[in-house]
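Q: build me a model from this:
(chains A and B)
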Amino acid sequence: MPGSPTERAGAARRDWWPFALVAPLILFLAAGFLIPVLMMLSRGVTDHELASAWPETAQALRGWDGAGLPDETVVPILAAEIVGARKAGHLNLVANRLNYDRVGSRSLVYRTADALEGGAPARSFADLARIDPRWSEAGQWASMRQAAGPLTSFYLLASLDRRLSPQGAVERVEAEQAVFVDILLRTFKISAVVALLCALLGYPVAYLLATLPPRLANPLLILVLLPFWTSALVRTTAWVVLLQSEGVLNGFLIGAGLIEAPLPLIYNRLGVYIAMTHVLLPFLVLPLYGVMKGISPVEMRAASSLGAGPVAAFLKIYLPQTLPGLAAGMIIVFTLALGYYITPALVGGGADQMVSGSIAFYTNQTLNWGMAAALSLLLLLPLGLMLFAGRYLARTVPA
Amino acid sequence: MRRLAAAFRLATLGVALLAATGCTGEREPRPLTVVGWGGSSQEAHRRAYWDSFTRRTGVRLQEDSWHGGVGVIRTKVLGGDTSWDVVQVETEDLILGCEEGLFEPIEWAALSGRDAFIPAAVHDCGVGAMLWSYLIGWDGDRIAGPGPRSWADFWDVRRFPGRRGMRRTPKYTLEFALMADGVPPAEVYEVLRTPAGVDRAFRKLEELKPNIVWWSSISQVPDLLGSGEVAMSVTSPGRLIVANRSEGRNFRVSWDGNIYAVDYWVVLSNSPRKAEAAQLLRHMTAPENQMRLPRFIPTGLTSRRAGELIDPRLRLDTPSDPRNMTNALELDASFWVEYGDQLTQRFNAWVSH
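A: Purely as a prediction, here's the structure:
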């Protein structure tokens, strides 16, 4: 406890210095990582396409209570803004956004733009309905009202296979369109199983590395690290060669007369578990090895000299001390596994795809960044919980 | 410390040099810029068209490559970046970009008229660059005899035992399912535009589902077929033909019910060199030039006359040969622009269960 004021000032200086030293790193992380990530994630809860392309229409829709059709004064405003947005090159943004919610909205908007540019009148709902009857459907306007922003629950609800009904209640999407809840649960299950498999396989390896003399341990450590230096694609393809029905393993088993028909080892869940466990194993072995290196062999000898059998000594003395390393390794593996999608795409079947695959699909292919951001948010929340659990676990374990 | 200062001076010099060259590059008019898909297809275009274009006209060409996506072009045109002139685009991008006014309308009279091309190659904003297709492929060393002849055969696991490779996307897959269910190619999209038709396609896929191996990249197909992992697969013929030529394989394909699509050349609406761009389009679509393309890449041609002039040995493998197009279906890109989001979602849900 610092006593005198000068000591306290000295302590304050000492507290301040480390922060100054890491300030460049913090600024770098904030500018290069944190802010872009937050900006991307914010797309999952905001809706700006309609409001930026049709600002006055958005204003009018926000003032409407959502029952039946909006006030007819919105029609000429919308018509003027459709034509204006097309000239400015923004019409595609709002057309695509509306199409996410109601299929056909894209062509509806463009057909209307064509008609308006061709001189069709648009003063009333009847005029719009003459261009396309869908303009007289209440659902179309309700969907536009939900897209008027600035905040939206559309993407988050869609990521949970839910949506808002025209009356504003949360409802499930049709069973045939429901996909994300399944994929999210599956992602967590696959990651947990892979973390468990890595723990079962990695624990003895780490123990062996930690107890062997360095002369033998170092070459083995290099073998553990070797997969790090091979591209993930090459490793995955190697598993295809080994596991396919006319592959090395099945060929051997059939040749040895152990089985008659090839075992289905790949393009299913088993293949995903095998390939992912292989790729992620070093991430468990290394932290565990570090912790095990710190445990003095004297303790085990002391336990046995005090009368504990090998099993009791391991369970009471050794295992508890390795738990922080095990927890750290499993959390790293679990976290990395959550983000996998190339490996499942190459060695998994249709029912083994993980949520990052959907995120990549929306990011790269359909450019629906709202969906990509919402799915990322859902992936991020349990991850935060996981890290807290890890800290709690590390604290309760005797050091 | 002195060494550090020297290194710093060198770095400054380098930056200054870079800036200087950058500036002079801006001042000189840049060469006409043509943008392709990179890799072997760009190489083929260079050898078939671009080298001879510069030789004949004296117009210098500069190449770039991209991976598609109308967003890239939208950003360039709306952002005032005029660095691209002629670009090779897929049908979906052609439709979207044309709607948004990103492309220059094609002057068909200068390209000897719309009738000089196969119908799929003609669009207000683009002229067909090449034609490619998806169809049934198999290994002739594993399936003896004539092999599968139709999508119904592809679905028939009793006559042709073994698994089936298919691309994990609803595009192509739903169309194939309807053809297997007896829908004639000409009516496939009509049926698919109705909810009952979509249900029908998924019901038909359900029959084959236990036997399907889904692939995500076309490069997996020769391995899947060659290793016997699948008995037959949806594929584009090019990969298999190349493997037959270069590795002595015996892959075979059935053209019946193939789905074909065209890649297009477009001129960006903000191109500062539209006259030379039009000249390049004329050069690339002239029959005597286009007939050379299949020598470099097994692809279909868009000019009718070029299809007749083609080397007879290459003709059988060409997707645009009339014999290969008798029972074929043209990919309806506008259908996928409209329904893609919804059907992909349903397809992913279906594949997951």
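
Q: going forward, measure contacts between C-alpha atoms and count neighbours the same way
A: Fine.

Q: what does the strand or helix carrying A:Leu98 rub up against?
A: A:Leu98 belongs to helix A:91-101 when assigned by DSSP states H and E. By Cα atoms under 8 Å, 6 or more residues apart in numbering or on different chains, the list of residues contacting helix A:91-101 from outside reads A:49-50, A:53, A:82, A:85-86, A:105-107, A:109-110, A:143-144, A:147, B:100, B:338, B:341-342.

Q: residues in chain A within reach of chain B, list them.
A: Proximity of chain A to chain B, by Cα under 8 Å from any Cα of the partner chain, involves residues A:86, A:89, A:91-92, A:99-100, A:103-104, A:106-107, A:110, A:176-179, A:182-183, A:244-247, A:267, A:345-346, A:349-353, A:365-366.

Q: how close does B:Val87 sit to B:Leu102?
A: B:Val87 is 12 Å from B:Leu102, where distance means Cα to Cα, to the nearest Å.

Q: which residues do these two both contact?
A: Common neighbours of B:Val87 and B:Leu102 (Cα under 8 Å, 6+ apart) are B:Leu268.

Q: chain A contacts on chain B?
A: B:69, B:78, B:99-101, B:168, B:213-216, B:227-229, B:338-339, B:341-342, B:345-346, B:348-353.

Q: helices - which of those residues land there?
A: If you go by DSSP state H, the residues of chain B next to chain A have B:78, B:99, B:338-339, B:341-342, B:345-346, B:348-352 in helices.

Q: filter the residues of chain B next to chain A down to the buried ones and hand me the ChimeraX line.
A: Here is the ChimeraX selection string for the buried members of these, based on 16 or more other Cα atoms under 10 Å in any protein chain shown:
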select /B:69,99,100,101,168,213,214,215,227,228,229,338,339,341,342,345,346,348,349,350,351,352
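
Q: which residues in the stretch 151-300 of chain B form helices?
A: Under the criterion DSSP state H, counting those that start in this stretch, the stretch 151-300 of chain B carries helices at the ranges B:151-155, B:170-180, B:188-192, B:195-208, B:221-226, B:237-247, B:274-285, B:287-290, B:293-296.

Q: just put these in TSV and tack on mean pLDDT.
A: What follows is the helices of the stretch 151-300 of chain B, written out as TSV (pLDDT from 0 to 100):
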stretch	mean pLDDT
helix B:151-155	96
helix B:170-180	96
helix B:188-192	96
helix B:195-208	96
helix B:221-226	90
helix B:237-247	84
helix B:274-285	95
helix B:287-290	93
helix B:293-296	86
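
Q: mind checking which of the ones you listed is nearest A:Ala389?
A: In terms of Cα to Cα, the element of those nearest to A:Ala389 is helix B:170-180, at 40.4 Å.

Q: show me what that closest one is packed against.
A: Contacts defined by 3 or more Cα pairs under 8 Å, 6 or more residues apart in numbering or on different chains; DSSP states H and E place helix B:170-180 against helix B:151-155, helix B:188-192, helix B:195-208, strand B:251-267, helix B:333-352.

Q: and among the ones you listed, the most buried is which?
A: Among the helices and strands packed on helix B:170-180, ranked by average contacts under mean count of other Cα atoms under 10 Å in any protein chain shown, first place goes to strand B:251-267 (a mean of 24).

Q: for stretch B:275-286, C-alpha coordinates in PDB please.
A: Extracted C-alpha coordinates of stretch B:275-286, given in PDB (Å, rounded to 0.1, in the frame of the first residue of the first chain):
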ATOM      1  CA  ALA B 275     -14.100   3.800 -80.600                       C
ATOM      2  CA  GLU B 276     -11.100   1.500 -80.000                       C
ATOM      3  CA  ALA B 277     -13.200  -0.700 -77.700                       C
ATOM      4  CA  ALA B 278     -15.700  -1.200 -80.500                       C
ATOM      5  CA  GLN B 279     -12.800  -2.000 -82.900                       C
ATOM      6  CA  LEU B 280     -11.700  -4.700 -80.400                       C
ATOM      7  CA  LEU B 281     -15.200  -6.200 -80.200                       C
ATOM      8  CA  ARG B 282     -15.300  -6.400 -84.000                       C
ATOM      9  CA  HIS B 283     -11.900  -8.200 -83.900                       C
ATOM     10  CA  MET B 284     -12.900 -10.700 -81.200                       C
ATOM     11  CA  THR B 285     -16.200 -11.600 -82.800                       C
ATOM     12  CA  ALA B 286     -15.000 -11.900 -86.400                       C
END
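
Q: list the buried residues for it?
A: Going by 16+ other Cα under 10 Å, stretch B:275-286 has these buried residues: B:276-278, B:280-286.

Q: now swap in stretch B:156-163 and tell me
A: If you call a residue buried by 16+ other Cα under 10 Å, then stretch B:156-163 has these buried ones: B:156, B:160, B:163.

Q: which one of those residues is nearest to A:Leu380?
A: B:Arg163 (37.9 Å).

Q: ok, that closest one touching B:Glu229?
A: Yes - the pair B:Arg163 and B:Glu229 passes the contact test of Cα atoms under 8 Å, sitting 7.1 Å apart.

Q: which non-adjacent residue is nearest A:Ala51?
A: A:Ala58 (5.2 Å; Cα to Cα, 6 or more residues apart in numbering or on different chains).

Q: again with A:Leu78
A: Using Cα to Cα, 6+ apart, the closest residue to A:Leu78 is A:Thr57 (5.6 Å).

Q: need the contact list for the one you found.
A: So A:Thr57 contacts A:51, A:74, A:77-78, A:81 (Cα under 8 Å, 6+ apart).

Q: so what's the gap between the helix or strand containing it and the chain middle?
A: Using DSSP H and E, A:Thr57 sits within helix A:55-62. Relative to its chain's centre, helix A:55-62 lies at 34 Å (Cα atoms, centre = their mean, to the nearest Å).
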